[in-house]
Structures are given as C-alpha cells and as structure tokens.
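> Sequence and predicted structure, then a few things I'm wondering about:
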Amino acid sequence: MSSPSNSATIRDLLHEVTDGVEPEDRLDTIRAATADSGRRTHRGWWTAGGVGLVAASVVTALALSTGGGPRGSEPGPADESTATSTPTEPNPATSRAVPVYFVGDTPSGPRLYREFQRGTGPMSAETFALDAALSGTSQDPDYRSLWPAGAVSGAYEMHEELITVTLEGDLHDRPAGMTEAEAWLAIEQVVRTAQGSFGQGRIPVQLLLNDARTDQVLGVPTSEPLAAGSDLEVLAHVSLSEPSEGRTIRVGRALTIAGVGLSEDDRISVRVKLREGTPVLRDVKFDLDPADSTLSPFNVDLYLGDIQPGVYDVVVSVTNPDGTFDTDTRRITVVD
C-alpha cells in the first residue's frame, strides 16, 4: 500500500472518501455519554506503556457538493442532540467498552483489526483506548501496533465537529525501518481509535505533537485535520467483536460470534478446533448481508453441544475476490 502524493492526491482522496464505511457494531456501550462538546481532558498520572487517510478539507468539499458528509463508521451517541451538553469529567469508578484498532497480517498485507477493551482506573476511556493502540496492548497475540516504543497520548479535546489528540514523544519523523505505508497505517490506528472511543463516527481528527501543532507525525502530513480512509483499503475483511480473546464458556452453552465482514460469496466460515492439535470440532457457514463495498455486521449463536472442557480456537474466515482468505481468530476456554 502507498500513501497519497503529489498531483494524484486529491483524486485518490476523493475516491477514498466515497468508498464504503464500516457499519455499527452491536455493542451499545460505545454510545454512552461520549459526546460532551468542548471537553478537554489530560491523561493524568496513568500511562499504558495511511494509507487511506483523507485531509478533512477534502471531506468538507465533498460534503458541500453532495449535501452531506460521510456516514459514521462507529456508533454515535444515543442522542446526537446532546452533543452540546455540559462537559463532564470522566468518572474513575466507571468503565465502558471502547474500540481499539491494532494491526494484523492478511494476504493483502498489514490491515487494521478492531478489538473492544474495557478501561478501568483513574483515566478516561478515551485515554485508555489511545494508549492501548499506541503501545499495542492487545488481548489478542495476533495483533500489534506500528507505533515506536514510548509513544503515548496526552490531552484530547472533543468538539461537535473535531477531535484533537495530543501525542507525546519523538514522533515528528518516520523512524528508521518504518515504511511510508506503515506510517500511514499507524496514523490510521490513532484516527479510528479516537473516533470510535468518542462514539462520533468519522468526524475529523487533528493531531498535535507535544502540545503544539505540527506539520507531520511519523513523516505523515498532519497540518490539517484527518479523516479515516477507505475501509476496504485499511481494514481486514473480517474482524471479530465477540468472543473476546480468552473468553470462558460453560459446556453446552451457545457461543456468540459477532463482528463485521465482507466476502466474495457473501458467506462466513466458522471453525472451532482444539488449540493443541488439529481436530476441527465445528465447521459451519452462515450468510452475510450482500455488500459490494462495505463490511457487513454479523451476529450468530453457535451451539457448542458436547464439546468437552479444554482450550479451543474459534477461526472465522471470508473469501476474497482473488481466492485468498482473510481470517480472525479467538482463543476460548470451555469449562464444566
């Protein structure tokens, strides 16, 4: 994958803006009280350790010509009319599930996968999500971050039409060994995580560096606010929301399989197999809603039947137009 450049930039970006957007996830917790206008929060004492990016000015120009902006890919607040409500400080005693974007490998190269995590302790859910994305603190060992060691998020500010995120560290230039494509995908990690954790769809994200405006981060231009790029160019074509990594389920119970996907044959394959060994104990397929350019949500209950206690892999896969398969895997433990 390569980043937009020179005379081709505006044309490429306009194509990306008009591509499909990611559907809403079934977890309603993302909707809860995330639209406080003008809220500014600092990280406090706690720390966790583009391809496809579009300049917001291009998005604005497209909205003026079409009568609207891009659809939100993440669930918005339960009532968008509350976006101008009185700012509130995060409550340390509560936590909520937030989407965090990590990098995983696919037949098409590195792509983003979405994982829901629940932050706890005296920090905001937004800070928790951003630090997890930067540090690669994923529950799934198949996921990672492309950000250099030591990168953390600082303050953030959210208005109705803009999210501002401050990054901290020596992040102006692209580090040695990082490709241009990886730098763009790393920026996409932060943009999508910020949008998702605030529950504000695809409103633009302005990146600051060490509390100041900067012309670039990791060598990627950041003078203007950024919008997320094309789902089909950035995201893996299948991504699980449920089960979570390490989920425990009792013998005889149904296992919920949920997430988003896009398949050439509009079907998803689900296999359950022993983690240590090759036997496949369940191999089923189910239909996706037909879609040409967007990832469709899916949510099914898989009855495990007489599967005995043990550690298993749940593997979902979709077929790509070139005959390859995108997959996502979760480890579960079945107990009596």
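Sure, I can see it.
> Distance-wise, check F102 relative to E161.
Distance of F102 to E161, given as CB to CB, to the nearest Å: 27 Å. (C-beta placed from N, C-alpha, C; glycine too.)
> quick one, which of these two is more surrounded?
Under the neighbour definition other CB atoms under 10 Å, F102 and E161 were set side by side, and F102 has more, 22 against 14.
> Could you look up the SS state of E188?
With DSSP: H, G, I helix; E, B strand; the rest coil as the basis, the three-state label of E188 is helix.
> burial measure for it, as a count.
By other CB under 10 Å, neighbour count at E188 equals 26.
> just L171 next, same as before
Count around L171 with other CB under 10 Å applied: 23.
> what about it, which helix or strand?
Using DSSP states H and E, L171 is not contained in any helix or strand.
> ok, now which ones touch it?
L171 is in contact with 148, 151, 209, 217-218, counting by CB atoms under 8 Å, 6 or more residues apart in numbering.
> The same query, at a cut-off of 6 Å, please.
L171 is in contact with 151, 209, 217-218, counting by CB atoms under 6 Å, 6 or more residues apart in numbering.
> can you pick the most crowded of those?
Among the contacts of L171, L218 has the most neighbours (other CB under 10 Å), with 26 neighbours.
> what's the closest non-adjacent residue to it?
Nearest residue to L218, sequence neighbours excluded (CB to CB, 6 or more residues apart in numbering): A183, at 4.2 Å.
> So that neighbour belongs to a strand, correct?
No - the assignment for A183, made by three-state DSSP, is helix rather than a strand.
> Let the chain start at 32 from now.
Let's use 32 as the start, then, which means that last one is A214.
> and it, how many residues sit next to it?
So A214, with other CB under 10 Å, has 23 neighbours.
> Would you mind identifying the next helix or strand past the host helix or strand of G227?
Element membership for G227 (DSSP H and E) is helix 211-229. Next helix or strand after helix 211-229 toward the C-terminus (DSSP H and E): strand 236-240.
> Got the confidence number for P328?
Looking at P328, its pLDDT stands at 93.
> and the gap between it and S272?
Distance, P328 to S272, by CB to CB: 9 Å.
> More neighbours: which of those two?
The neighbour comparison of P328 against S272 (other CB under 10 Å) goes to S272, with 23 against 17.
> does the more buried one really touch T287, like I thought?
No - under the criterion of CB atoms under 6 Å, S272 makes no contact with T287, lying 9.3 Å away.
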